[in-house]
Every structure is written in structure tokens, then in C-alpha cells.
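# Sequence and predicted model, in that order:
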Amino acid sequence: MPLLDQNRLFPVEDRTRALTREIYDGIKDLPIISPHGHTDPSWFALNENFPDPARLFVTPDHYVFRMFCSQGIDLATLGVPRADGGETEQDPRKIWQVFAENLYLLRATPSYIWLNHAFQETFGIKTPLNGETAGEIYDHIDACLKTDAFKPRALYDRFNIEALSTTEMALDDLKHHKTIAESDWNGKVISAYRPDNVIDPEFEGFTDNIAQLGALTGENTATWQGYLNAHRARRAYFKQVGGVTSSDHGHPTARTEDFSPQVANELFQKALKGTCTADEADAFRGHMLTEMARMSLDDGLTLQIHAGSHRNHSAPMMAQFGRDKGFDIPSKTEFVNNLKPLLNAVGMERDLTVILFMLDETTQSRELAPLAGVYPALRLGPPWWFHDSFEGMKRFRENTTETAGFYNTVGFNDDTRAFCSIPARHDVARRVDAGYLATLVATGRLNVNEAHEVAQDLTYNLVKKAYKL
Amino acid sequence: MPLLDQNRLFPVEDRTRALTREIYDGIKDLPIISPHGHTDPSWFALNENFPDPARLFVTPDHYVFRMFCSQGIDLATLGVPRADGGETEQDPRKIWQVFAENLYLLRATPSYIWLNHAFQETFGIKTPLNGETAGEIYDHIDACLKTDAFKPRALYDRFNIEALSTTEMALDDLKHHKTIAESDWNGKVISAYRPDNVIDPEFEGFTDNIAQLGALTGENTATWQGYLNAHRARRAYFKQVGGVTSSDHGHPTARTEDFSPQVANELFQKALKGTCTADEADAFRGHMLTEMARMSLDDGLTLQIHAGSHRNHSAPMMAQFGRDKGFDIPSKTEFVNNLKPLLNAVGMERDLTVILFMLDETTQSRELAPLAGVYPALRLGPPWWFHDSFEGMKRFRENTTETAGFYNTVGFNDDTRAFCSIPARHDVARRVDAGYLATLVATGRLNVNEAHEVAQDLTYNLVKKAYKL
Amino acid sequence: MPLLDQNRLFPVEDRTRALTREIYDGIKDLPIISPHGHTDPSWFALNENFPDPARLFVTPDHYVFRMFCSQGIDLATLGVPRADGGETEQDPRKIWQVFAENLYLLRATPSYIWLNHAFQETFGIKTPLNGETAGEIYDHIDACLKTDAFKPRALYDRFNIEALSTTEMALDDLKHHKTIAESDWNGKVISAYRPDNVIDPEFEGFTDNIAQLGALTGENTATWQGYLNAHRARRAYFKQVGGVTSSDHGHPTARTEDFSPQVANELFQKALKGTCTADEADAFRGHMLTEMARMSLDDGLTLQIHAGSHRNHSAPMMAQFGRDKGFDIPSKTEFVNNLKPLLNAVGMERDLTVILFMLDETTQSRELAPLAGVYPALRLGPPWWFHDSFEGMKRFRENTTETAGFYNTVGFNDDTRAFCSIPARHDVARRVDAGYLATLVATGRLNVNEAHEVAQDLTYNLVKKAYKL
């Protein structure tokens, strides 16, 4: 029994499955466009071998270690780095053994398919990973990783990636992107402008960050106009050096505002002094989304809004292990009233693309599809994070297509730090879309020619257009 | 390839599909009861030819032009009338060409099926509409529209409509309904009592409307009792002249109140002076629902509550094009606390029928099915507006049936301004219900005889009973 | 045609159905563990015959009589006891006739399957119950009920129950559990510690209850420490006499707090005086969940939180018929912020099990699966109450498995007062799980060996572990 069923994620009824196969075969070999993700640009700049199987597959993957944590396994035994300086397991073989023994906890989760996909397709493994096979599989992967064929650039090429975007904070110097651009390698690895640390008054070190923003740009960021100019300058720098075509904004809510310069400046001054209330901080972030949208009208960057995550939910875990350790929890999100100020300002602009990502699926049919189905500037991002899964993607199409259609969506985002999961994640999206389209055909909602055309659009054309890639 | 698959919207598995066909064949030719809609009564009173294909299919259909708008097409190029006096395209052939070229944007939306249904079944068209076929199809439809067979009354008869309700505001004189009633035509076209403009303190011209309500009824509508009497008089007029069997209330929230006459009068006086806060206006609307329910106990009208639409979301579009241009967006709706005052007052009444419509699908299994599954006065309206679709109807049955059963639902409402979409919409509902019932049989949740009986109830009996038609 | 389809609730496609059958056959005869329910312990202590069919199937079953009520049938005609001393039907044959004539109202609800399951499997009935067959079926069931084979203990054994938990309030003397324990019968009927009436300041008679709690335990429950000690004493008593392994908490919201002893004591003193505001009462209940969790760390009881029911929605029905008459309605529930204080206090404890039950399905994928998928102390209870149904269970698995996996769930709870429905309810859960697992296999998300293993876990192992049975 291979690790992967070749018809995985396809509908079960024979004719629909055959149709899915036909549609999937038409898109499975299209190049991967990965317009939003979190891989490390140094991989592609330096092109060094990945260190070992545990540090490739376990230690950095919060999908994996959060599930293990939920069943009482201490993150330290998985080698997850600690913020408090405490000890963590350093032996990759020991980490791998714990991983292998507990892999069954991931059954029926997306990670299970992603991991098995990487094991089989990238590393040629045919044996299921478990406590008994752990050593042998470790050795195999470890040997692979020492070869040139498994260096980052080689994998990039083998994965058939046409363009890949990383994400850098506004103060980043983008040196790795510079290196990549200056190299003789043909891979297209660009950045995205992520200014949360100079937009969010509640971000650690906000005031210092603003000062640094001033220093980098030569603007007086103690003034509102200087601050806006500095953003413009960094966006220009990111475009020029990092090849960016989008900005990205991770906000706890979808709030937007469109204040007068006076009011905005007052909030900004409070933010600089660290005296914003929680509501004022949210208001300032919200106003800055509208400013970013206005700058997009000038420089053409696509604006991405990722809203609705309650970050670092556990205080003791934050103290012990720090950010991004699986303790970010989705929460109720409201778009209809929250987006109104931004939409009244720029929602009818045809040359602007604002992509909305959600973690609250109830907004899909109620709020987001109706909004994206009428405002020219709005597009719906693919299902995000916990919903980057078979059921999540299926619900997304079922919930949004009837109201927003296909052409207000933007293809797939893998959003990953786990490089080897990229082909797996795009493959899942292609399979789900093929199955959805085949179901539409089988139930007389689309004809087969239309389905093939839409499949190309969902896989390749829409993402290129939305992200200008 | 015909425009329509004869098994469209049926489940794909063979036996379930055959069963669906059998159930569907038992209901597909039942007469259409359309108890809630927005067709123009002048069509049936005057029985004039429809002007041209564009004015029949494009200009008045906000489902169509909102999707086109979302992809950057100016509503003016589609001939949508403007509120600001600006120019719009007048040439129906040009409008039709834009429509045809962009029809693909509607793929997999309900409009796609409705339009193709009308093209094939009503106009006998066998060619898909696109930029190339636009002219030829325009000519064909245009020629049809000039004949007697395509006049409103002829279509009404051909559509096999048994009863159709339009909706008129409380101050309407119902002259078209009078003409229809006095004519020798057998069609049953009735009205519904829609008093939003004399109940909602935030409605444009509220104070003038109340004065006009007084003038029409001879009641002193400056007093609370006179105002209530005037409602009673208009309801009686609507019953007598318009044959109405229901009132309809489009409120932003589902709030109800049951104030003392003193408190109600105080709010009413504020409303007349235009000094209500937003909360007081909502409270007044909420109280009036309970008053309407009490009047229903006397005059037998079925009470319909349509809650949860955030109207005219875009300020610039409201200024340019006015109301009802696709910028009404659903928002979160709460029923459990909001309906409590009304339900404590009249919820246990067996001779009252209150039909609830929702745009927030999360309330289906959580709030509405549990409420309708216990209160004798409550019934669930069919999925509304954006959810009048295959997936929307399927989710509605799956979310509500286990808790509210079938007999607390009221059949289908087409809710349309687009006359030619009526047969298509009812056909979709019948197909979805047949498929749902067949699935219940195939999974042992209902036997086949029960399924046939329930199919008749969902299509014909429940709507007649709920609307007293 | 038998009352039950042997493949009921199985997927329809042939191979998936065959696979479901294979998985189901592997679990259908496993003993029933019923860790949370509301059967009457006196049944098993006294082992008397059930009185008659109506008092077994109709009068106590709020699922049945709420639906009949919704269609205008007076609860008094169904023999439902009244709180206001008014008359109700006493003749079980008359009640049974109304029940039989209106059974069709329950079509496609879970009750329909539960009732038919009990009729066929427990009573050997092959004829559908309706107005015509009512008398004959009444006679048959009534005759059965008079025999030893239909006494509670005999049915318990026949139902293949391994352990069953009832629920008793904190002041209960557990005399029936004592009787059962001292008898020579082998059945395992335990209790659960339900302290709502001594934790909820809004509970009728709260102050008296606290005094009684003091009297029972010899603690000074006028003080905060005495009150906590009294809880510890009752928990110990429930463990010793009632064999309890869990506590259960039915709160309107999921709010938790973790106050200092001073603040907690201030709230407690207000509660004793009856001066808590609604918010303070909620805060006190919330704080007590954290106290209960801390006690669980000492005594090992599993903590169950049932949140989100708006109780006794209808004031007139509450006055006439009292509590638990079908007028409890789910409402929006929030977990992410509400559980934070408890989770910061004890969420990372590996020896604690907190089981969350929800009535608001929107929280499944958005809040609960992400929380249970990372906190070691959290587990997800099965779909509750209105969602203890085919579609409800299916949605639960689809919404939670991808993020929380299988091993953060705890098997099935029947939660019932209707003894004869227990085998039917567990059978439904096993069928739904088998179908879900077969679908995972058919779509390549799990292999068949894994599916068999998980099926055993979901049916038997997880519930034993979570409830320490």
C-alpha cells in the first residue's frame, strides 16, 4: 500500500471521480505560484543543505507540535526553541522518534497528507512512519538532505515553482532577496511588505521601530506626514529590492477607519507615546489599512488583510516558549461594518486589489461573498490556516461561489514555513477544486468545457492576476 | 449539448438519482404558488408587451449587475438607472452585448441556472449566450416579446401559476390589483401589506408618510391610537382590494418589543418629531412587529419578518445609483433574545402564523429551528436572497429539519422582480427538495411513501396553508 | 418493509457503503459506555416495571412533545405534568393515540429513528405506528412492560451496557446508588456531581441550598473557605457513594474567571445575600469552574462544561408547565476569551480533563477545535442535544477532525432521560462514525487498518479514558 492514494480527495461516485481525474490531469502539472508564504529567503540565497530531518519536519511546524502538545507531549522534547532560555531536546534522532511514535495523532488532519506527500513524492519513501520505522526513515531522509539534489534551489526547481513570495517586516534589509536577484539562479523569490511592527501600536518595541523607520528612510517619523512618507519609501524599497507586488497585514480584527489627517495624527502621537487604549490602537491599525490602500492606488501593490486571530492565547506558554507556538486561536470576525470606511474610500476603485483572508467561516456566505460579489476592489483569499484543508476548501467553495462566483477569488496561498509541504498543499487545492468542478458538472451546474477553463483560472490565471505575478 | 441538464441538481449516485427523479416527477408539474415576490402588478393589469431583452433580463436584475460591478463593469454601461441624473446606456443591444460577453462571470451562481432556464424553457433557445451569439439571441427574444404569447398574462398561464403575490407599500392605492380583479382574466395576483415606510422612523419621509396614512384612512395619526387604527384600516383595505393574506416587514434586526401603550406612544411621538435615536427607532420597529402580530390575530394576516440586511452599504453608490443596486449586505442576526417579547406576547397562539426569514445561516440550526420547533406561532421561511440557491437550500434542509421537522416550514418563496425567473426558481427548489428527500430514503431516514407525501407538502400544501391561499 | 433500514445512515455509494458496513460490523456489538445521562437511578435501585407505554415514550420526552407543541397540540393532552396545578390528560391510551396520530411530525428528526429503533429492536414491532395501529401497538408494548424481561435491570443487561452515569445535584443523598451498590446486581450505575444549585447565584433557593450544603458537610458555608471545603466534601461523598468520576456544569455562558480569594469571597457574599447583578452571577459561576478544575487536580474528577442554553424561553409556558419543557433554546456562545482565565490557570495540566459541550456549531471549527488541538487539559464533548443527530454528528466530525484530530474527542454521550433510546442513540453514533471513517478511506485520507483502529477508539477507548471508566 503506497502512502498516498492516487485518487485521494476525489469524490467517490464513479462518473464524478472520472471527471475529477480528467479535470485534475489538466492542472496538476501547472507551475506553482506561491504568492503568500513564510519560507526563509536565506535558504534560496545561501542554498545550504537543510540540517536534519527533525529540523526540517518537526521543530518548525506548529501544526505538528501543537497537536502533540494537546496530548500532553512537552514541546521541549520535540526540540521546540524556548523563549525563557530553558533546555530543549537537541538530538534530532530523539526528536524524530517522538514524532514517529505519535504521528497517528495527526490522522485525518491536513498535516497527515502533507507529510506523507513529502515522504513519498520528495523522498521516495514507501513505508509508513511509526515508532518502528523511525530510525530507518530518518537515515534515508538525512542522507538525501546531504546531497545537492535536496538543496533549496534544487527543490524549488523540482517542485516546479514559477514564483514564490516570502514575507518580510518593514524594517528588513532584504539582503537575501538582493543576493538571490544578483545570483545566476533563475528562481523567482520575492518578498511581501509586512508593516505590522510599524503600524500596530501594541507591537513590542513600536516606538523604537518607528524611530528606526525614520532612520532607514531619512524621514521625520515623529510627524504624521513623515511617517506616511516613510511607508511610501519602504514600499518603494521593497518593490525595487524585494520585487514585492503586495503588502500584508495581520490584524486581530477587520476594523478599518478613514479619519481626517488631524484625527489620524492625534492617534499616531498617542501611539508614539504608548498611551493608546486598546480601542485606539485598533482604530489606528484600521485607519492605516485605508492609508495603505491609498498608497496601493499609487504604487500598485495588492493589499492583503489577514484578520481574526487571537494571538498567544496561553500566558504561561508565551512566557516559556514565545510567539508562534500553536496558541493562536481564531475568533469571531466582523467584516460588514468594519470594512465600510475603507470601502467607502476606495472600494469602487477598479485598479485596486484588496484580498480578504478569514478564520471565521461563518463570514464566508454571510458577509464576504456578498461584499466581494459587488465591490470591484475586493477579492477573497483562499481558506486560511486551520481551514487550508480538504473540508475547509470544500466549504469555502460551497459557501462563496454561488454569491461571489469564481472570478472574485484569487487561487491558492500555501502560507507555509515548511518548504517541503508546498507541493503537497498546492496539490490538495488542485484536487479539491477539480472535485468541486466535477461535482458542478455532474449536477448540471457547469458544462465540462467551462470546468476545464475555470480549473486553469483557479490554479494559475487568477493568482497571477491578483498578485500581478 | 442543451443549455440545461435534465438531471441538474440531482444527487450523483445512481439509485439516489433515480429516486430523486421519481420524487421530482411527482411534483414538477404542480401549480406554482408564489406567496411572496416583487413583480410589477401593472404587468398583469395592463398586459402590455415587455419592452426588450435588456430591460427584461439585465437592467432590473441586481443579481446580474452586482456581479458585473464586482469585476469593474460600470453599472451605467448596463443601463442601470441612476439616482443622480447621470447618463446611462439606453441602447438595449449594447447592454445585451456587455451582458452576453460577461455572462461567464455568473458561472455556478443561481442566476446562471435561472437565466439558462428562461432562455431554453421560455424562449426555446438552444445556443449558449456569449459575445458571439449575443445578436442572434437578442433578435430571437425580441421577436418573441412582441407577440401575444409573451405578454404577462399569457406567460403567467404558461408558467402554471396558481397564485402570485406582489408587495405594495402601505400607502399604495392598489389600482392595478383592482384592475386585475375587475378584469375577465382568471389569474390570481394579490398584494402583500408592506408598511415599512409608515413603521420605520428612519425611512425617508416618515413623518409625511404618517400624515398621508391619516389622510387615506380618516384617522388622526398624530395619536398612538389613531395610528394603530389607521394600520387596521389599511390592512382591511389591502385585504378587500388587494386580496392580501400576509403582511411583510423588512427590518435591519429581528428585534421585537412589547411596550406599554404609554411607552409606545412616547416613542411614536419622538418618531413623528424625527428625534428617535438609532436604538429608539429599532425599538419602535420592534414594538410594531408585536402590534402587527396582535392585528393578525384579528384579521388573520400571516406575518412575515425579513431581518438582517445592511442596506445600501456603499455611500458613493447610494449617491450615484440609489437603493436596491446590489449593495445590501447580510449581517449577523440574533433571534433568541430579539424575538422573546413578541413570543411571550403571542408565540403560543395557534391561529397566528409568523414566518421568519434569515440571511445569517448560522441561526438556522442554533436559533431558528429550535424556536420554530416549539412555538406554535412560528414558521421558517425558505432560504432567502443570496441563499435562494442549490447549496443554500440544501444547507437549510440539513440545518433545520432534524430540529424543526418539515411541518414548521412553508414551502418556497421566489421573492423576485424577474418574472421569467419564477419557473426556474421554483424548479430549483423542487429539485433540491426531491434530492434531499431521496437522500433521506437512500439513507434509511424516511420511507419512499413518506417521501412522496412530504414532497407534495413542501411544494404545494404547506405554502397554501401558511399563506392561506 | 421493516421499520429500520439495515444500512441506515450509511453513505450511498457502493464501495463506501461496503466499507462502512465492514467498519460498523467491527464496533456495533461493543458494550455501551454511557458516561453522561439523565436516567432515573431509582429504576435500577428498585427495578420496578415501567408503568405504561405513554409514560415510557411520550410524557417525559421533550424532543417529542416540543415538536407536537410547535404544531398547536396542547401539552396537557399529552399528559405532560403542569407546574400550575392545572389538569393534564391521565389516560395513557388517549395520550398514546395523540402520539401515534402525530408521529409523522417527527419525520427525519433523530426522534423518529430512536423511536422506531426501540419499537423494532426492543419490542419486536414490525408495523409503523400511526392512528390506526396505535391501539394494537399500545397493547403489545404494555404487555411487554408487565414482564420481568422488560424491567430496568433486564433491559440494562440486554442493552449491553457496561457503565452508565446518571446525574445528581450536589445535595442529593444518592440513596438509589447506595442501594444499587449494595445489591447483588452487577450493573454499573454511577452518578455525576452536578453542583449548579449551589454554584449558580441565580438558581432558585440558592441561599437555602448553601445552608443545606453546610449542614450536610459540617462546614461553615457562610465563609468562602468553608464553602470550598463543603464542595470538596460532597465531591468525596459522590466519589465514595456514587462512584462518580466526573462533575457536570450547565452554565448559560462559557465564561470562566480566576479571581483572587478576596474577590471571589466578595462575590460569594453578595451571592449569599442575593445581591449579585446578572454579570456578577455570571462571574461567580465562571470563577467556580476554575475552582472545580483545581479540585479535579486533587480528586481526579473529569470536568464537564455544558454552555450556551437559554433556558425557559417562554414566560407563559414556564408559569404553566415549569422547567424542561422544550423551551430551552441554544444561543451564541464564545469560548476563546471566556475560557482564557481557566486555561491560563490549569489548561496545560496533563492530568486534568475538561470536556466542552456546545450548542453553537459555529464554534466547532473556529474556536473549539483550535483550542482542544493545543491545550492538554481540553477535550471536545460530542454534539449535544439538538445536534445529537445524523447531520449534527457529521458536521461535528467534518468541522473538528482536521484541526483537533480524533484523540481530543471523547466518544459519545447519550445525555438522555429516555432509557429505551440509549441503544438507538449509540447505534446512530456508531453508524455516523463508521460512515465518516469509510469516507476518509474512500477519499484516501486514512487507510482501512487505521479506520478500524480509530473506530474502536471513538466507540470505546476514548470514552473510558476521558471519564476514567
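Received, thanks.

# How about the residue of the stretch 1-150 of chain A at minimum distance from chain B: what's its closest non-neighbour residue?
Residue nearest to chain B within the stretch 1-150 of chain A (CB to the nearest CB): residue A:13, separated by 4.6 Å. (Each C-beta comes from the backbone N, C-alpha and C, glycine too.) Counting by CB to CB, 6 or more residues apart in numbering or on different chains, the nearest residue to residue A:13 once its immediate chain neighbours are dropped is residue B:12, at 4.6 Å.

# before we move on, back to that, OK, contacts around the residue of the stretch 1-150 of chain A closest to chain B?
A:442, B:12, B:13, C:13 (CB atoms under 8 Å, 6 or more residues apart in numbering or on different chains).

# Can you list which of the residues you listed are found in helices?
Judged by DSSP state H, the subset of those located in helices is residue A:442.

# Against residue C:122, how distant is residue A:25?
53 Å (CB to CB, to the nearest Å).

# Who has more neighbours out of those two?
Neighbours per residue (other CB atoms under 10 Å in any protein chain shown) separate residue A:25 from residue C:122, with residue C:122 holding more: 20 against 11.

# Isn't that one up against residue C:422?
No. At 10.0 Å, residue C:122 does not count as touching residue C:422 under the criterion of CB atoms under 8 Å.

# Tell me if stretch A:240-260 is near chain B.
No. Counting by CB under 8 Å from any CB of the partner chain, chain B is not contacted by stretch A:240-260; separation bottoms out at 10.8 Å.

# What values do phi and psi take at the residue of the stretch 351-469 of chain A found nearest chain C?
Using CB to the nearest CB, residue A:389 is the residue of the stretch 351-469 of chain A that sits closest to chain C, at 4.3 Å. Phi and psi for residue A:389, reported as degrees, to the nearest 10, are phi -150, psi 170.

# Give me the secondary structure label for residue A:304.
strand (DSSP: H, G, I helix; E, B strand; the rest coil).

# was I right about it contacting residue A:357?
Yes. With contacts counted by CB under 8 Å, residue A:304 reaches residue A:357, the gap being 6.8 Å.

# Which one's more surrounded, these two?
Using other CB under 10 Å as the criterion, residue A:304 and residue A:357 rank with residue A:304 on top: 28 against 25.

# Distance check, that one against residue A:245.
11 Å.

# Could you do residue A:9 as well?
For residue A:9, the distance to residue A:245 - CB to CB - is 30 Å.

# picking that back up, residues contacting the residue nearest to residue A:13?
A:11, A:13, A:15, A:16, A:439, A:442, A:443.

# Please repeat the previous calculation with a cut-off of 10 Å.
Applying CB atoms under 10 Å, 6 or more residues apart in numbering or on different chains, we find residue B:12 in contact with A:11-17, A:19, A:438-439, A:442-443, B:435, C:12-13.

# now residue A:144
By CB under 10 Å, 6+ apart, the contact list for residue A:144 reads A:49, A:50, A:53, A:122, A:123, A:124, A:125, A:150.

# Can you report how many residues neighbour the residue of the stretch 151-300 of chain A found nearest chain B?
Proximity of the stretch 151-300 of chain A to chain B (CB to the nearest CB) peaks at residue A:258, 10.8 Å away. Using other CB under 10 Å, residue A:258 has 20 neighbouring residues.

# Not counting its neighbours along the chain, what's nearest it?
Ranked by CB to CB, 6+ apart and with sequence neighbours excluded, the top spatial neighbour of residue A:258 is residue A:341, at 4.1 Å.

# hmm, back to that, measure the residue of the stretch 151-300 of chain A closest to chain B to residue A:292 for me?
Taking CB to CB, one finds residue A:258 at 12 Å from residue A:292.

# re earlier: the residue nearest to residue A:258: what's it in contact with?
A:255, A:256, A:257, A:258, A:259, A:286, A:287, A:289, A:290, A:347.

# Which members of those are positioned in strands?
Nothing among the contacts of residue A:341 maps onto strands, per DSSP state E.

# from the residues you listed, which would you call buried?
The neighbour-count criterion (16 or more other CB atoms under 10 Å in any protein chain shown) marks A:255, A:256, A:257, A:258, A:259, A:286, A:287, A:289, A:290, A:347 among those as buried.

# Now do the same contact list for residue A:127.
Contacts for residue A:127 (CB under 10 Å, 6+ apart) come out as A:3, A:119, A:120, A:133, A:136, A:137, A:140.

# try residue A:225
A:219, A:261, A:265.

# hmm, back to that, could I get the contacts of residue A:127 as JSON lines with distance to residue B:449, pLDDT and secondary structure?
Converted to JSON lines, these look like this (distance: CB to CB, whole Å; pLDDT from 0 to 100; DSSP: H, G, I helix; E, B strand; the rest coil):
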{"residue": "A:3", "distance to residue B:449": "48", "pLDDT": "94", "secondary structure": "coil"}
{"residue": "A:119", "distance to residue B:449": "53", "pLDDT": "98", "secondary structure": "helix"}
{"residue": "A:120", "distance to residue B:449": "50", "pLDDT": "98", "secondary structure": "helix"}
{"residue": "A:133", "distance to residue B:449": "55", "pLDDT": "98", "secondary structure": "coil"}
{"residue": "A:136", "distance to residue B:449": "60", "pLDDT": "98", "secondary structure": "helix"}
{"residue": "A:137", "distance to residue B:449": "57", "pLDDT": "98", "secondary structure": "helix"}
{"residue": "A:140", "distance to residue B:449": "61", "pLDDT": "98", "secondary structure": "helix"}
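
# and chain C, which of the residues you listed reach it?
Filtering these for proximity to chain C by CB under 10 Å from any CB of the partner chain leaves residue A:3.

# And the contacts of residue A:127, which is closest to residue C:233?
Residue C:233 has its nearest neighbour among these in residue A:133, at 52.2 Å by CB to CB.

# Alright, calling it a day.
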